[in-house]
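> Any chance you could fold what I've pasted below:
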Amino acid sequence: MNRIEIMTTASLGDTSYLLVSGDEAALVDPQRDSWDLVESCTSRGVRMRYVLETHVHNDYVSGALEVRAATGATVAGPARAPYAFGHLGLAEDDEIVVGDATVRAMETPGHTAEHTSYLVYDNALDHTRQAPTAVFTGGSLLVGNVGRTDLAGDDHTEELARAQFRTLRRLALLPDATRVLPTHGAGSSCSAGPVSGERTTTVGAERRTNPALTLQDEKEFVSRRLSGLAPYPAYFHHMAPINRSGPDVLGGPPILRPLTPSMVEGLAGGGAQIIDGRDRRTFAAAHLPGSLCDELDDRFASLVGEVVPFGTRLVLVLPEPAEDAAHEAMLQLLRIGYENVAGYLADGIGAWAAAGRPLRSFRTANAAELAGRTAERRVLDVRPERPEGGIPGTFAVPLAELPRRLGELPRDREIWTVCGSGRRATIAASLLDLAGIPVTAVVRGGVRDLMPAA
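I've put the predicted structure just below:
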């Protein structure tokens, strides 16, 4: 019997899949930290035959080479992908066998030029008479939308959007009951717009409800897919080159070392960036000079990737228990290639204060304290997109652009930072605090609470 196991990485909005047939398996679009999954397969007596890549990923470091090193599995991917390491290239209609299942390549360019989907047939011996039961669609057909086509640069965006249109027409010809198993989902910056919170769907459901499939005019499709695209994190520029050349094989998660206050001070003096994973109000009340607030939750690493230059050495200040927090933070950072983590402050901010070192703070507020008073305040809106517009009389700089645009901000009076919920506003406030700009962070509520009544 064949089954497909679903593994979601909420921090990136992505999903990997394990196709298991008998005692063999194929892993599709794995994250870098697939070590626990490999151990699970071994304990179940399941042999990893293949690692399948649908495309060269732009939003995370692939775990394909980690899995190959641990299991001996064959890495297979698009024949047109310019990988610099040995792999099995799969072109249109090429097949591999996993237990009793057959997996057939279907070239589906659009999200990237080399993008390939994989059809699953349950009977390896007589699949020519069968309909596929599932299709791994990567970044082509998503649940309620499609993958964006602008990640290869402006010179290729329209060409890839037209290819995406043709790809979707092909996928729409599959039987209604075919399961659609995309890699990118809710929370992924690789989608061309909002997607459903559901991780999987069927061809029939998407044909009826997905706006990208209901549009039959190619020109209109291209126009809609290219308008209103949210900016993607700056770290995306580094992911494809790493995945094409092949990331270093780690063999397991690194263990972060605890650091003394003097070590942290020395590292910061040498250019390391301190990232504080505690909650926003606690951070605002007392934090290390030069540190940035980024609460340790599912979005931790992706927001580091928005504001901290790729390759920067990092030092962490973490909530308790620090050892568990260090493990989670390190895994998230590894997924997007932020490997240069020196360690974390042992015993937290208390150790820093006990060593007689200075602390900084800034004011916080709820949106209710600002409502009706925005004309009297200097308000900075740091949301990545503003679908309903902005607050009259305020100015806007998306958080991802803020580090390079700090010089544009006035310094003669306090700035109030706002976003949708307080999360980005606090990161922005820590950037302003680092730059010596007086700031109050709206840490609860956001722009919608401040908009004048219609």
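> elements contacting the longest helix along the chain?
Among the segments of the chain that qualify as a helix by DSSP state H, the longest is helix 154-171. Where contact means 3 or more Cβ pairs under 8 Å, 6 or more residues apart in numbering; DSSP states H and E, helix 154-171 is packed against helix 218-226. (C-beta placed from N, C-alpha, C; glycine too.)
> Name the residues of the helix it packs on that are buried.
By 16 or more other Cβ atoms under 10 Å, the buried positions in helix 218-226 come out as 221-222, 224-225.
> quick one: low-confidence parts of the stretch 51-200 of the chain?
For the stretch 51-200 of the chain, applying pLDDT under 70 flags the ranges 124-129.
> Strands along that one, start to end?
74-78, 88-90, 95-98, 101-107, 116-121, 134-138, 179-182 (DSSP state E, counting those that start in this stretch).
> sorry, back to before: show me the two of the buried residues of helix 218-226 that sit farthest apart.
Pairwise distances among those were taken by Cβ to Cβ; the largest, 7.5 Å, belongs to Val222 and Arg224.
> Lowest pLDDT pick from the buried residues of helix 218-226?
By pLDDT, Arg225 ranks lowest within the buried residues of helix 218-226, coming in at 84.
> Just list the residues touching it, thanks.
If a contact means Cβ atoms under 8 Å, 6 or more residues apart in numbering, then Arg225 has 146, 148-149, 161, 164, 192, 212 as its contacts.
> Filter these down to the ones in helices?
Within these, membership in helices is found for 161, 164, 212, as judged by DSSP H.
> which among those residues gets closest to Ser34?
When those are compared for distance to Ser34 (Cβ to Cβ), Gln164 comes out closest, at 28.2 Å.
> Next, find the distance separating the closest one from Thr149.
When Cβ to Cβ, to the nearest Å is applied, the distance between Gln164 and Thr149 equals 5 Å.
> Likewise for Thr417?
In this view, Thr417 and Thr149 are 33 Å apart by Cβ to Cβ.
> Same check on Gly343?
When Cβ to Cβ is applied, the distance between Gly343 and Thr149 equals 40 Å.
> which one of these two has more residues nearby?
Ranked by neighbour count (other Cβ atoms under 10 Å), Gly343 and Thr149 place Thr149 first, with 28 against 20.
> Against Glu114, how distant is the closest residue to the more buried one other than its chain neighbours?
Here the nearest residue to Thr149 in space, its sequence neighbours aside, is Leu160; by Cβ to Cβ, 6 or more residues apart in numbering that works out to 3.8 Å. Separation of Leu160 from Glu114 (Cβ to Cβ) stands at 11 Å.
> quick one, which of these two is more surrounded?
Leu160 (25 against 20).
> How about the contacts made by the more buried one?
Residues touching Leu160, when contacts are defined by Cβ under 8 Å, 6+ apart, comprise 109-113, 149-150, 152.
> Pull the number of nearby residues for the nearest residue to Cys190 once chain neighbours are set aside.
Across the structure, with Cβ to Cβ, 6+ apart as the measure, the residue nearest Cys190 apart from its sequence neighbours is His184 (4.4 Å). Residue crowding around His184 was assessed by other Cβ under 10 Å; the count is 31.
> pretty sure His184 is touching Ser196, no?
No: at 11.7 Å, His184 and Ser196 do not qualify as touching, with contact defined as Cβ atoms under 8 Å.
> Now do the contacts for Asn2.
Remark: with contacts taken as Cβ under 8 Å, 6+ apart, Asn2 is in contact with 19-21, 99-101, 120, 122, 133.
> who wins for most neighbours among the contacts of Arg225?
Comparing the contacts of Arg225 by number of neighbours (other Cβ under 10 Å), Val146 comes first, having 31 neighbours.
> Give me the pLDDT for the spatially closest residue to that residue that is not a sequence neighbour.
With Cβ to Cβ, 6+ apart as the criterion, Val146 has its nearest non-adjacent residue at 4.5 Å, and that residue is Ala212. Per-residue confidence for Ala212 comes out at a pLDDT of 92.
> give the contact list for Ala212.
141, 145-146, 168, 192, 221, 225.
> Can you add distance to Tyr232 and neighbour count and give the contacts of Asn2 back as CSV?
Below are those laid out as CSV (distance: Cβ to Cβ, whole Å; neighbours: other Cβ atoms under 10 Å):
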residue, distance to Tyr232, neighbour count
Leu19, 29, 25
Val20, 33, 21
Ser21, 36, 23
Gly99, 37, 19
Asp100, 40, 16
Ala101, 34, 26
Val120, 30, 25
Asp122, 37, 17
Thr133, 33, 18
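> how about these in JSON lines, adding distance to Ala230?
JSON lines is the format used below for the contacts of Asn2 (distance: Cβ to Cβ, whole Å):
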{"residue": "Leu19", "distance to Ala230": "32"}
{"residue": "Val20", "distance to Ala230": "36"}
{"residue": "Ser21", "distance to Ala230": "39"}
{"residue": "Gly99", "distance to Ala230": "41"}
{"residue": "Asp100", "distance to Ala230": "42"}
{"residue": "Ala101", "distance to Ala230": "37"}
{"residue": "Val120", "distance to Ala230": "32"}
{"residue": "Asp122", "distance to Ala230": "39"}
{"residue": "Thr133", "distance to Ala230": "34"}
